[in-house]
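> heads up, no residue letters with this:
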């Protein structure tokens, strides 16, 4: 049916045979769908939005919690289970590799079966994997269990980001997406606090098992909370399940519930379709994110994120120096005491992450996603440059000052910029039919970058020294800025549907 440009029609428009409403160049939908989308985008931010956001963001909190807990449990488990170098390496890599697999699989599933179904399933898997970690009696079992933890948190990344993007009002969307990934740092701080409490209360070398038990309890809380989440109205409309979508919308726009009553009959099972893929492709296909219409966006959302995660592991080399200087790192032979010290140090480092995210919640929406991503990458390179200079300083006090400035600059600007924006961009730039698939692929590539960092940084450091690692990370950070500029798209504040407008720059 030919689409004439028009403004969204009234919610009580009685016409069945109507022209399509053009939302953006190349994006035309049924007038009733246009009206419903407008209701979602312009709804006043209410308690229902905030509660739904908090429950949906539990996956990123669990991700930060799991990273913090394995880091602090590892020295104790290594001693009790007599782990060798290979087992220790596999435990670290297993969590990251599991997350890479989980993100890719979870994204595809969330586009096929729904956001809430996947978010429930991944919390259930996390409970099972965390409990298995707590009772593991051998290294292989602990490695497998931690792979399960990684898969669970990886699955949640694309489902959670898609849900938040699709349910938040347009004016609040970027703020809450950044706040969602900021919960990763909240999870790390929470993990450090829980470990401190457990080490103080449970005076036994097996205390590390309680760490994973608490992780299972946190996952159980979010599992129960998510039982009360309604499905994303946008996803339901994209599947032609308009009656269910209208019921879900009543949660977010309760004042308009009566106005929705007559719409379901008019829409029937007509799907909302704004993607530049074949109209009958209701089930998202992985290859669609590499189609000419989305190839540029796929590169933009994956390559910089991969590069950022590689660079993150470079700055980690300086964490022991910083913690030693500030007196929060213990060299005691008592393992629980060392674990408590490690928890304090982790909490201190994570304060920089939280500070950057707190600023990112405001500035990403105000100044633009890509602008902040570019500035953040450049800032990371500058921070790394200061750390590189510290390797040439012989005066201890001055060297510590260089390390502190470089460390703070890198972590703060990373979280103000790319650590926030790389999470936001795929959730906004891909259409509903592909949103989780695109977000999941981007997140999985980020975990590939993390895996590269895990293995590459120690090798380069051993062969060529710390200065070589830091120099390489300066280059990696600048590559992140360069690729963002190279594959940039229109990132102005728009509705999710307006982001699907046909763009001449969007083909390669």
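Happy to help now that I have it. This is a predicted model, so every value here is computed, not measured.
> low pLDDT regions in the stretch 151-300 of the chain?
Scanning the stretch 151-300 of the chain for pLDDT under 70 picks out the ranges 257, 278-284.
> in it, which spans are helices?
With helices called from DSSP state H, counting those that start in this stretch, the stretch 151-300 of the chain shows them at 170-201, 207-226, 233-238, 242-252, 263-267, 295-315.
> so can I have TSV of the ones you listed showing mean neighbour count and distance to residue 43?
Heads up, the C-betas are built off the backbone N, CA and C, glycines and all. Shown next, in TSV, are these (neighbours: other CB atoms under 10 Å; distance: least, CB to CB, whole Å):
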stretch	mean neighbour count	distance to residue 43
helix 170-201	22	9
helix 207-226	20	21
helix 233-238	27	11
helix 242-252	21	6
helix 263-267	17	16
helix 295-315	24	27
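> need those in CSV with distance to residue 289, can you?
Formatted as CSV, those follow (distance: least, CB to CB, whole Å):
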stretch, distance to residue 289
helix 170-201, 19
helix 207-226, 26
helix 233-238, 16
helix 242-252, 24
helix 263-267, 28
helix 295-315, 5
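> so which of those is nearest residue 65?
Closest to residue 65 of those, according to CB to CB: helix 170-201, at 3.9 Å.
> now the angle from that closest one to helix 207-226?
Relative orientation of helix 170-201 versus helix 207-226 (axes from the mean of the first three to the mean of the last three CA atoms, to 10 degrees): 150 degrees.
> pull the number of nearby residues for residue 368.
Neighbour count for residue 368, taken as other CB atoms under 10 Å: 17.
> kindly report the same for residue 96.
23.
> does it really touch residue 451, like I thought?
Yes. The pair residue 96 / residue 451 is scored as a contact, 5.2 Å apart, by CB atoms under 8 Å.
> elements contacting the helix or strand where residue 88 lies?
Assessed by DSSP states H and E, residue 88 sits inside helix 85-113. Using 3 or more CB pairs under 8 Å, 6 or more residues apart in numbering; DSSP states H and E as the contact test, the elements touching helix 85-113 are helix 58-81, helix 115-135, helix 139-167, helix 435-464.
> residue 73 is nearest to which of the helices of the stretch 151-300 of the chain?
For the helices of the stretch 151-300 of the chain, the distance to residue 73 is smallest for helix 207-226, at 3.9 Å, taking CB to CB.
> could you check the pLDDT of residue 431?
Residue 431 carries a pLDDT value of 92.
> pull up the gap between it and residue 237, please.
From residue 431 over to residue 237 the distance is 12 Å, taken as CB to CB, to the nearest Å.
> buried deepest among the helices and strands packed on helix 85-113, which one?
The highest average neighbour count among the helices and strands packed on helix 85-113, using mean count of other CB atoms under 10 Å, belongs to helix 139-167 at a mean of 27.
> the strand with the most length in the chain - what's its average pLDDT?
Secondary structure of the chain per DSSP state E: the longest strand is strand 20-24. What strand 20-24 shows for mean pLDDT is 83.
> just stretch 436-455 next, same as before
Mean per-residue pLDDT for stretch 436-455: 90.
> quick one: distance of that stretch to the chain centre.
Going by CA atoms, centre = their mean, to the nearest Å, the spacing between the C-alpha centre of stretch 436-455 and its chain's C-alpha centre is 10 Å.
> got it, and stretch 457-465?
So, by CA atoms, centre = their mean, the centroid of stretch 457-465 is 29 Å from its chain's centroid.
> again, but for stretch 296-306
Centroid separation for stretch 296-306 versus its chain: 14 Å, with CA atoms, centre = their mean.
> what's it in contact with?
Stretch 296-306 has contacts (CB atoms under 8 Å, 6 or more residues apart in numbering) with 289-290, 373, 377, 418, 422, 425-426, 429-430, 438-439, 441-443, 445-446, 448-449, 452, 480, 483-484, 487-489, 505-508.
> run through the stretch 1-150 of the chain and note the low-pLDDT ranges.
Low-confidence segments of the stretch 1-150 of the chain (pLDDT under 70): 1-18.
> apply 80 and report the result again.
1-19, 24, 26, 71-72, 75, 78-79, 83-89, 92-93 (pLDDT under 80).
> ok, now how distant is residue 263 from residue 403?
60 Å.
> what does residue 221 give?
Counting by CB to CB, the gap from residue 221 to residue 403 is 38 Å.
> cool, and residue 356?
Distance of residue 356 to residue 403, given as CB to CB: 18 Å.
> where do the helices sit along the stretch 401-508 of the chain?
418-429, 435-464, 466-486.
> want to throw those helices into a markdown table with distance to residue 174?
A markdown table is the format used below for the helices of the stretch 401-508 of the chain (distance: least, CB to CB, whole Å):
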| stretch | distance to residue 174 |
| --- | --- |
| helix 418-429 | 6 |
| helix 435-464 | 15 |
| helix 466-486 | 17 |
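> nearest to residue 396, out of these?
Among these, the nearest to residue 396 by CB to CB is helix 466-486 (16.0 Å).
> which parts of the closest one are buried?
Of the residues in helix 466-486, 466, 469-474, 476-481, 483-484 count as buried by neighbour count, 16 or more other CB atoms under 10 Å.
> with neighbour numbers in mind, choose between residue 356 and residue 403.
More neighbours surround residue 356 than the other of residue 356 and residue 403, with 24 against 21 (other CB under 10 Å).
> avg pLDDT for the one helix or strand that one maps to?
Element membership of residue 356 [criterion: DSSP H and E] is helix 335-367. Helix 335-367 carries an average pLDDT of 75.
> helices or strands up against the helix or strand following that helix?
Note on helix 335-367: by DSSP H and E, the next helix or strand toward the C-terminus is helix 369-390. In terms of contacts (3+ CB pairs under 8 Å, 6+ apart), helix 369-390 is packed against helix 295-315, helix 335-367, helix 396-416, helix 418-429, helix 466-486.
> at 10 Å instead, please
helix 170-201, helix 295-315, helix 335-367, helix 396-416, helix 418-429, helix 466-486 (3 or more CB pairs under 10 Å, 6 or more residues apart in numbering; DSSP states H and E).
> that one to helix 170-201, inter-axis angle?
40 degrees.
> pull out the buried positions in helix 369-390.
369-390.
> and that helix, how far from the chain's centre?
Distance of helix 369-390 from the chain centroid (CA atoms, centre = their mean) equals 21 Å.
> what do you get for stretch 236-245?
Remark: stretch 236-245 is offset 26 Å from the chain centroid, using CA atoms, centre = their mean.
> quick check: closest non-adjacent residue to residue 457.
Leaving aside its sequence neighbours, residue 457 sits nearest to residue 313 (CB to CB, 6 or more residues apart in numbering; 4.7 Å).
> pLDDT score for the one you found?
71.
> contact partners for it?
Residue 313 makes contacts with 449-458, 469, 473, 476, as judged by CB atoms under 10 Å, 6 or more residues apart in numbering.
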